Structure formats: C-alpha cells, structure tokens
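S.K.: give the three-dimensional model of this entry:
(chains A and B)
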Amino acid sequence: MKIASFNINGIKARIKALPDWLDEAQPDVALLQEIKSVDEAFPRELFEERGYRVETHGQKSFNGVAILSKLPLEDVSRGLPGDDSDEQARWIEATVIGDKTAVRVCGLYLPNGNPVELDNGQPVRGGKYDYKLKWMERLHARAQELLAAEEPFLMAGDYNIIPQDEDAKKPESWQEDALARPESRAAFRRILNLGFTEAFRARTHGPGHYSFWDYQAGAWQRDNGIRIDHFLLSPQAADMMIDCQIDKEIRGREKPSDHVPIWVELDA
DNA sequence: ATGTCGGCCATAGGCCGA
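M.R.: Below is the predicted model:
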C-alpha cells in the first residue's frame, strides 16, 4: 500500500501537475493539503476517472485537505477534535481497507504559526503562534486516542515543523520562525515521543533532504529548502514500512507547488 | 535586504497568506 502526502498549494493551479504526478507515482492513497477550494468546487471527476475515491474537507480560499484512494475507505471524519470554534479545514481521517490490513490514515495541514508573537516568552493569546501551539496540543490528544487502539495508523501532511537544524539548508535563518522555534520543535517531539516513528528519518539520515522550497529568492535553484512534510507511523504501521521517499524532482517541473510529495510503502 | 506564488474581489491591482 503506497500512501503519499502532497501540499498542492491550490487545486486550481495544480489541475495538470497533480494528475500527471498521480499517473506516474501511482499511489494507492494521496493525502492532499492546501486544496484552497470548497468541497463543491473540487474537480473530483479528474480523480474518479483514474479510479480514486475522493473525500474532501475544504474551505474557501485557504487551507483544505483531501483524501484520494483507490482502496475502499471507511469511517471518514473531518476536523481535528478539541475545539468546536475552530473553522479552519486542516484535518481529515479515514480507514483504508488494504489487501491484508486496514490502516487508519490522518491527513493534516498544521498551522504555519507566523508571525510569532510572544509576551514575556508566552504566546499572545489569539495570535497565530498561539493557534499553532494549541492546535498541536489537540493533535497530541487525538494521536494519543488513536494510538490506544494499538492498530496500524499514520498521520501525514504538512506539519510546518523543521524538526532539527539538519532539516534546513540555512537553519540560522529559521531560528526565530514558527517552523523551527524551540516551542514548535518541543511540541512536535512531544507527539513523536508518544511512540511514533518518523518514517523518513527511520530510513534516511543526514542533511540535504527537503520537501519545500520557497517560490522566492531562487530557493529551488539554490537548493535552499526545508523538510516540513512528515509521516508519523504508529508502532503497528512502522512494522509494515517497506520504504519512504521524497519526490524531489517534482519541484523542478512546470508550474510546481512549493512542496513536493513524500510517500511511504507499507506491507498492508 | 530583496527576489514569488495562489486566491479573492472584481475586472486591475491590491490584499492576505505562505
């Protein structure tokens, strides 16, 4: 079972690049972020004609996540629990029925968190950094619930977290950024420490591996990237991992997203 | 330091978010 995650930065702008990548990469499941579309406007036929079931959790202009799956899906749910007042579409879950095993998959678009606003070292209540950290507390709670089932499950998407300095070409320029600040990294580690395996790092070590290159300042041409798209695997899913790769070359194509796909192959 | 996109409203370019 090949499961991919891809922040497409707008479905309308990726109307060619996304199907092209799907046709080549042939993931069984694709978790999409930043569809930037309401559910009714999502071009589901484009994927249905390729054999994918389509489940979206969209909103106007911003955010929005989706699951495309060639395998049957059960128990789809939308929205990260823990705050009924949160209207941002950043979380979708479903159970994928594999040939051997069912896998619970969660697609997420974690808040960016910039600008960082602190008052005496505390995030300013209601600010974007505060929203990011609170969202990560809710993610921690949901992760704990799902881990308790002791079944194969994974959470993948754009975490907007640079886990360590080696995950950025220029770590010094990210020190004060919401993607790399100590509070952000600690919140990510706290989730990891529940017992997840960070799929990419379980297989590939060292610097120079990125999943995002800014459109600005020739970041791609200079390979000035960051690794912020991650797969977190439950112990039962980690035991099934065959491979995990980042499709870097996608960034060099026509009209690319600023992110590239990352995928895992599970024996499931 | 800056360099770019995408989407919205609205129909040209400014604003927001990243």
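
S.K.: enumerate the residues of chain A near DNA strand B.
M.R.: Counting by C-beta under 7 Å from any atom of the strand, the residues of chain A close to DNA strand B are A:9-13, A:36-37, A:60-62, A:111-112, A:114, A:128, A:214-218, A:255. (Each C-beta comes from the backbone N, C-alpha and C, glycine too.)

S.K.: from those residues, which land in strands?
M.R.: Among these, DSSP state E puts none in strands.

S.K.: relative to DNA strand B, how far out is the closest residue to A:Val260 other than its chain neighbours?
M.R.: Leaving out its chain neighbours, the residue that sits closest to A:Val260 by C-beta to C-beta, 6 or more residues apart in numbering is A:Ile250, at 4.5 Å. A:Ile250 is 13 Å from DNA strand B, where distance means C-beta to the nearest atom of the strand, to the nearest Å.

S.K.: so A:Ile250: helix, strand or coil?
M.R.: Assigned by DSSP: H, G, I helix; E, B strand; the rest coil, the conformation of A:Ile250 is helix.

S.K.: which residues does whichever residue of chain A sits closest to DNA strand B contact?
M.R.: Proximity of chain A to DNA strand B (C-beta to the nearest atom of the strand) peaks at A:Gly10, 2.4 Å away. By C-beta atoms under 8 Å, 6 or more residues apart in numbering, the contact set of A:Gly10 is A:Glu34, A:Ile35, A:Lys36, A:Ser37, A:Ser257.

S.K.: with adjacent residues omitted, what lies nearest to the third one?
M.R.: Setting aside the residues directly before and after it, A:Lys36 is nearest to A:Gly10 in space (C-beta to C-beta, 6+ apart), at 4.4 Å.

S.K.: follow-up on the earlier one: just the buried subset of the residues of chain A next to DNA strand B, please.
M.R.: With neighbours counted by 16 or more other C-beta atoms under 10 Å, those contain buried members at A:Asn9, A:Gly10, A:Ile11, A:Lys36, A:Ser37, A:Pro111, A:Asn112, A:Lys128.

S.K.: for the residue nearest the centre of chain A, pull up the helix or strand it's in.
M.R.: Nearest to the mean C-alpha position of chain A, by C-alpha atoms, centre = their mean, lies A:Gly157 at 0.7 Å. Of the helices and strands defined by DSSP states H and E, A:Gly157 is found in strand A:153-158.

S.K.: helix or strand next in line after that strand, which one?
M.R.: Using DSSP H and E, the helix or strand that follows strand A:153-158 in sequence is helix A:182-192.

S.K.: list the buried residues of that next one.
M.R.: Quick answer for helix A:182-192 (16+ other C-beta under 10 Å): A:Glu183, A:Ser184, A:Arg185, A:Ala187, A:Phe188, A:Ile191, A:Leu192.

S.K.: got it, and stretch A:200-207?
M.R.: If you call a residue buried by 16+ other C-beta under 10 Å, then stretch A:200-207 has these buried ones: A:Phe200, A:Arg201.

S.K.: quick one: contacts of it?
M.R.: A:163, A:166-167, A:209, A:227, A:230-231, A:238, A:241, A:243-244, A:246, A:262.
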